[in-house]
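Novice: Let's see this in three dimensions:
(one chain, ligands or ions: 2)
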Amino acid sequence: MSSIAQQHTSSFSVRDLELKLKQVRLAHPEQSLPSPPSSDSGSSSPKQESEESYFLRSLKECLAIYEEPSRPRSESLALLSDEEVIMLANNGNIATYALEKLFGMDQLERAVRIRRAILSRASTTGTLESSSIPYENYDYSRVLGACCENVVGYIPIPLGVAGPLTVDGKQYPIPMATAEGTLVASTSRGCKALNSGGGVSTVLVGDGMTRGPAIDFPSAIQAGKAKAWIDSAEGHAALREAFESTSRFAKLKSLKTAIAGRTLYVRFATTTGDAMGMNMISKGTEKALEAMQKRFPEMVVLALSGNYCTDKKPAAINWIEGRGKSVVAEAVIPGHVVKTVLKTTVRDLCNLNVKKNLMGSAMAGSIGGFNAHAANILTAIFLATGQDPAQNVESSMCMTLMEPTGLNGEDLLVSVTMPCIEVGTVGGGTVLAPQQGVLDMLGVRGAHPQQPGQNAQTLARIIASAVLAGELSLLSALAAGHLIKAHMAHNRSQVNTPAASVPVTPGAGFASRA
Ligand SMILES: CC(C)(COP(=O)([O-])OP(=O)([O-])OC[C@H]1O[C@@H](n2cnc3c(N)ncnc32)[C@H](O)[C@@H]1OP(=O)([O-])[O-])[C@@H](O)C(=O)NCCC(=O)NCCSC(=O)C[C@@](C)(O)CC(=O)[O-]
Ligand SMILES: NC(=O)C1=CN([C@@H]2O[C@H](COP(=O)(O)OP(=O)(O)OC[C@H]3O[C@@H](n4cnc5c(N)ncnc54)[C@H](OP(=O)(O)O)[C@@H]3O)[C@@H](O)[C@H]2O)C=CC1
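Specialist: Ligands and ions are numbered 1, 2, ... in the order given. Down below sits the predicted model:
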């Protein structure tokens with residue numbers, strides 16, 4: 001037996017051996033294998049070593065099979081048992097993260113199973129192998145090279161549906177993936193109130209994804225010359241030509257320049273069809289900078305992203321200029337519906353909106369946070385529809401406005417203004433089958449056949465409208481003092497709150513949980 005195999009077996013318990021035998025049986029059901037020693041035979045005995053060596057080929061033999069030059073690696077790996085592949089990985093012959101690439105498309109689930117085993121055995125904490133994290137029956141071909149590396153399974157999140165909600169005259173279910181009980185109920189109540197007033201009207205006031213590289217020049221004078229060139233018609237045209245050569249859909253809209261010392265920042269803004277567009281715009285920006293470099297050989301591109309974009313971070317530039325889709329959603333709710341469905345009054349709602357969403361957020365020094373919980377609704381829809389969840393940072397920026405309208409001001413005029421909804425129906429997590437199922441529910445999956453960009457824009461309009469529903473319902477619950485009652489009913493698990501989570505009062509043992 002090789003030294004590696006000996007190293008392995010010397011620390012095996014009988015339980016390990018039983019587990020291994022089970023795995024080998026699963027990998028080779030056609031072979032008849034011996035039973036492991038019984039669990040009462042003690043641990044780490046010489047007998048175990050001989051049993052182990054009986055069903056595991058030696059490292060040398062496995063390497064010879066794996067490295068056989070006349071066969072593709074995927075075929076060689078198919079000849080090895082899971083345990084033998086694990087042995088090769090543990091010996092450093094196979095990178096654990098490269099398993100899918102080596103196994104090939106028809107053994108993707110096996111790659112995930114083996115990775116779980118390798119990581120479990122290396123772990124000093126929990127084990128993945130026997131964990132409740134699911135991994136079977138998932139289409140890993142859509143993940144590979146697109147959505148995730150070093151995959152060990154997937155995390156299911158409950159998916160609820162609020163609504164339907166009437167948006168621009170059409171009814172949509174509102175899909176929400178969330179673990180916060182009350183969100184779907186609350187949004188549904190908002191939808192009911194909105195529908196009774198005829199639904200939501202939306203206006204798309206901007207569409208442009210942005211990327212803002214940082215470029216150094218030897219002096220501020222040289223940086224200034226480059227800025228002037230970009231701002232000129234000639235410079236703009238040269239950058240546009242280079243940029244647009246990289247994509248059929250990304251079209252350059254504007255270039256905003258700014259200087260700090262000798263560093264130049266350029267904010268490229270482009271339409272990106274039905275894609276959210278960050279890969280597309282980054283690819284185009286790189287090409288445009290290559291063209292610029294030819295004219296300004298002294299310039300140094302410090303980073304394709306110089307945070308002047310600004311992606312996945314709070315920033316006033318997004319709030320002011322917009323990023324992705326900029327949408328306003330508006331509705332009128334009859335006063336009697338405010339009373340019967342929302343259990344409050346137009347006056348109380350308007351007053352609370354000013355004092356909380358506008359003044360309270362101003363007191364807190366907020367940028368773009370003039371709302372109650374836009375992030376709740378937006379993030380739940382992002383997760384359900386395969387959006388990049390980190391972009392909820394800027395996408396959730398929102399100002400909620402309420403004022404009395406109609407005869408004697410008895411009805412409510414309500415709107416949300418959301419300048420940065422960054423969504424796509426093509427690319428990123430939208431390629432995954434369950435997320436595509438959700439996009440299908442909304443009728444916006446993939447590329448719009450006639451007008452590229454329209455599917456993504458419709459999704460942004462739906463999201464803003466759903467945020468409007470969420471804002472109405474939470475504000476109403478707060479105005480009526482119903483918040484905690486609702487969360488105790490919908491948002492506190494009766495099953496899993498462990499007794500051990502009872503807080504300890506210093507010096508007094510466990511506090512009682514009355
Ligand atoms: C991709 C790398 C790591 C390659 O980097 P590399 O140096 O070419 O990789 P390598 O092949 O030399 O391998 C080095 C190590 O990387 C790891 N590694 C390498 N490949 C894999 C793999 N397939 N699966 C798992 N791990 C991998 C692995 O640890 C490996 O070590 P080893 O184990 O081989 O000794 C590198 O180019 C990189 O880190 N790029 C940055 C990508 C990134 O961080 N993207 C974030 C998304 S961008 C965004 O969302 C926000 C943004 C950008 O807009 C924010 C802003 O404005 O700044
Ligand atoms: N690179 C980065 O810095 C960042 C990347 N990301 C990640 O980027 C990914 C999303 O990038 P994104 O550019 O949206 O998607 P993709 O990288 O998937 O690009 C979209 C692709 O779809 C093609 N396409 C086909 N039909 C259409 C259509 N109707 N509209 C638009 N494109 C179409 C495009 O064609 P064509 O080739 O002609 O353009 C392009 O090849 C996400 O995974 C996200 O997490 C997030 C933040 C930053």
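
Novice: Please name the nearest non-neighbouring residue to the closest residue to ligand 2 within the stretch 201-350 of the chain.
Specialist: Among all residues of the stretch 201-350 of the chain, Gly273 sits closest to ligand 2, at 2.4 Å; criterion: Cβ to the nearest ligand atom. Quick note: C-beta positions are derived from backbone N, CA and C, even for glycine. Spatial nearest neighbour of Gly273, chain neighbours left out: Phe249 (3.2 Å); criterion: Cβ to Cβ, 6 or more residues apart in numbering.

Novice: thought the one you found was touching Asn279?
Specialist: No. Phe249 is beyond contact range of Asn279, at 11.6 Å (criterion: Cβ atoms under 8 Å).

Novice: more crowded one of the two?
Specialist: Shown here are Phe249 and Asn279; by other Cβ atoms under 10 Å, Phe249 has more neighbours (17 against 14).

Novice: Show the contacting residues for the more buried one.
Specialist: Counting by Cβ atoms under 8 Å, 6 or more residues apart in numbering, Phe249 touches 271-275, 280, 452-453.

Novice: now, which of those residues lie within helices?
Specialist: Among the contacts of Phe249, the members falling in helices are Met280 (criterion: DSSP state H).

Novice: got the contacts of Phe249 as JSON lines, with distance to ligand 1, neighbour count and pLDDT columns?
Specialist: Putting these into JSON lines (distance: Cβ to the nearest ligand atom, whole Å; neighbours: other Cβ atoms under 10 Å; pLDDT from 0 to 100) gives the following:
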{"residue": "Thr271", "distance to ligand 1": "18", "neighbour count": "20", "pLDDT": "97"}
{"residue": "Thr272", "distance to ligand 1": "14", "neighbour count": "27", "pLDDT": "97"}
{"residue": "Gly273", "distance to ligand 1": "19", "neighbour count": "24", "pLDDT": "97"}
{"residue": "Asp274", "distance to ligand 1": "19", "neighbour count": "26", "pLDDT": "98"}
{"residue": "Ala275", "distance to ligand 1": "14", "neighbour count": "25", "pLDDT": "98"}
{"residue": "Met280", "distance to ligand 1": "13", "neighbour count": "24", "pLDDT": "97"}
{"residue": "Pro452", "distance to ligand 1": "23", "neighbour count": "18", "pLDDT": "95"}
{"residue": "Gly453", "distance to ligand 1": "21", "neighbour count": "23", "pLDDT": "98"}
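
Novice: Leaving out sequence neighbours, find the closest residue to the spatially most central residue of the chain.
Specialist: For the chain, the residue nearest the mean C-alpha position is Pro389 (3.1 Å; Cα atoms, centre = their mean). Among residues not flanking Pro389 along the chain, Phe382 sits closest, at 5.5 Å (Cβ to Cβ, 6+ apart).

Novice: And for that neighbour, the neighbour number?
Specialist: The burial count for Phe382: 25, using other Cβ under 10 Å.

Novice: wait, isn't it in contact with Asn392?
Specialist: Yes. Phe382 lies in contact with Asn392 (Cβ under 8 Å); the separation is 5.9 Å.

Novice: residues contacting the residue in the stretch 401-514 of the chain positioned nearest to ligand 1?
Specialist: Nearest residue of the stretch 401-514 of the chain to ligand 1, counting by Cβ to the nearest ligand atom: Gly428, 10.1 Å away. Gly428 sits next to 146-147, 275-276, 386-388 when contact means Cβ under 8 Å, 6+ apart.

Novice: Get me the contact residues on this structure for ligand 2.
Specialist: For the chain, the residues in contact with ligand 2 (Cβ under 6 Å from any ligand atom) are 247-250, 272-280, 282, 311, 388, 424, 426-428, 447, 452.

Novice: at 8 Å instead, please
Specialist: By Cβ under 8 Å from any ligand atom, the residues of the chain that approach ligand 2 are 146-147, 211, 246-250, 272-283, 304-305, 311-312, 388, 390-391, 424, 426-429, 431, 446-448, 452-453, 455-456.

Novice: Now, of the residues you listed, which are buried?
Specialist: 147, 211, 246-247, 249-250, 272-278, 280-283, 304-305, 311-312, 388, 391, 424, 426-429, 431, 447-448, 452-453, 455-456 (16 or more other Cβ atoms under 10 Å).

Novice: Now do the helices in the stretch 101-250 of the chain.
Specialist: For the stretch 101-250 of the chain, the helices defined by DSSP state H, counting those that start in this stretch cover 108-122, 183-196, 220-231, 233-244.

Novice: ranking these by burial, who's on top?
Specialist: helix 183-196 (a mean of 24; mean count of other Cβ atoms under 10 Å).

Novice: Okay, and which of the contacts of Gly428 map to strands?
Specialist: The strands, defined by DSSP state E, take in nothing from the contacts of Gly428.

Novice: any idea which helix or strand comes after the helix or strand hosting Glu61?
Specialist: Element membership of Glu61 [criterion: DSSP states H and E] is helix 59-66. Next helix or strand after helix 59-66 toward the C-terminus (DSSP H and E): helix 73-78.

Novice: which other residues reach that next one?
Specialist: So helix 73-78 is in contact with 65-68, 85, 102-104, 106-107, going by Cβ under 8 Å, 6+ apart.

Novice: can you list the weak-confidence ranges in the stretch 351-500 of the chain?
Specialist: Applying pLDDT under 70 to the stretch 351-500 of the chain flags residues 494-500.
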